[in-house]
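Participant: with the input below, show me the fold.
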Amino acid sequence: MTRRYFDGARAALRQLLLGYKQIRLSDNESAQERQRAERLREKDRRLALQTQSAAQRGTQDKARRKRRPSVGEVRFGDLRRLSPISRDYGLDRGRPIDRYYIEKFLAGHADDIRGRVLEIKDSAYTRKFGSERVNVSDVLDIEEDNPHATIVADLTSADHVPSDTFDCIIFTQTLHVIYDLNAAVQTLQRILKPGGILLATFPGISKTSCARRDHYFYWALTTLSARRLFAEAFPAENVEIEAHGNVLAVIAFMQGLAVRDLRRRELDYQDPDYELLITLRAVKPNEGS
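Facilitator: Model (predicted):
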């Protein structure tokens, strides 16, 4: 009887101790959970403060950019210099800013690059944007020692180049180095097939490098001058002209900065008062039209 009593008491004590351990364990786990929850709340609070601070800074920066600074208040920073950051159009920093607009234009008209295509100096853009749509790729250069050239000719006097030959001509950043603009434009129109398409780009606001003896930069066009020039060779309704750029893109380009120095929205914003690059799409009329 006594033995059974003590065995029962020991069993009850063990249950009591086990329950006490479980309570302590549960209390410890609850304390740890509370600590974790507190750490998460503190982390969320700091993150919210950082987000709020960043938003406030963004709002302040946006307001500062919109506000026209008073005289003497302008901060030039790295741009307060008498020589550009790069004299090589940004090539030594990455992709030049004008090429961003050139390639965006060609990509938007890639379907026009088909059949027999003519390009100046090399066929890089024909290959990049023409793909399998191109049957024959020709390269024109005035220099005979260009290994890529399939046609050697001066566009101002290229009578030996047959008329009505090309389905598409890619004519980027070339017209400004030709003095006789009208003769070159007439040749481009003549050698296109009826229904053929000219895709051309010209510098607007740009560094000229005129001090270099081997560099010829005769003309900087505007949308108005380009439209009048090409309307003498193509019907006006067949000519589409667009300007690309804004004051920030122009400043960056003149300083020799590269595409990666600006944000995409800064590059894509168009201000008609700042024509960094001009693009043109002209279609030769079909016979009888």
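
Participant: flag the shaky bits of the protein, pLDDT-wise.
Facilitator: Scanning the chain with the threshold set as pLDDT under 70 gives 1-14, 16-29, 58, 60-65, 213, 288-289.

Participant: can you list the domain ranges for it.
Facilitator: Domains of the chain are assigned by automatic domain parsing as 1-62, 97-283.

Participant: what would those look like in TSV with mean neighbour count and distance to Leu79?
Facilitator: For every residue, glycine as well, the C-beta is placed using N, CA and C. Formatted as TSV, the domains of the chain follow (neighbours: other Cβ atoms under 10 Å; distance: least, Cβ to Cβ, whole Å):
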stretch	mean neighbour count	distance to Leu79
domain 1-62	10	17
domain 97-283	17	6
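
Participant: can you give me the strands in the stretch 1-150 of the chain?
Facilitator: 115-120, 134-141 (DSSP state E, counting those that start in this stretch).

Participant: got the ones you listed as CSV, with distance to Val74 columns?
Facilitator: As requested, those are exported to CSV (distance: least, Cβ to Cβ, whole Å):
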stretch, distance to Val74
strand 115-120, 41
strand 134-141, 45
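
Participant: which one of those strands lies nearest to Leu224?
Facilitator: Leu224 lies closest, by Cβ to Cβ, to one member of the strands of the stretch 1-150 of the chain: strand 115-120, at 24.3 Å.

Participant: which among the strands of the stretch 1-150 of the chain is found nearest to Leu181?
Facilitator: When these are compared by Cβ to Cβ, strand 115-120 sits nearest Leu181, at 15.1 Å.

Participant: which other residues reach the closest one?
Facilitator: With Cβ atoms under 8 Å, 6 or more residues apart in numbering as the test, strand 115-120 has contacts from 123, 125-126, 130, 133-141, 151, 165-172, 174, 191, 193.
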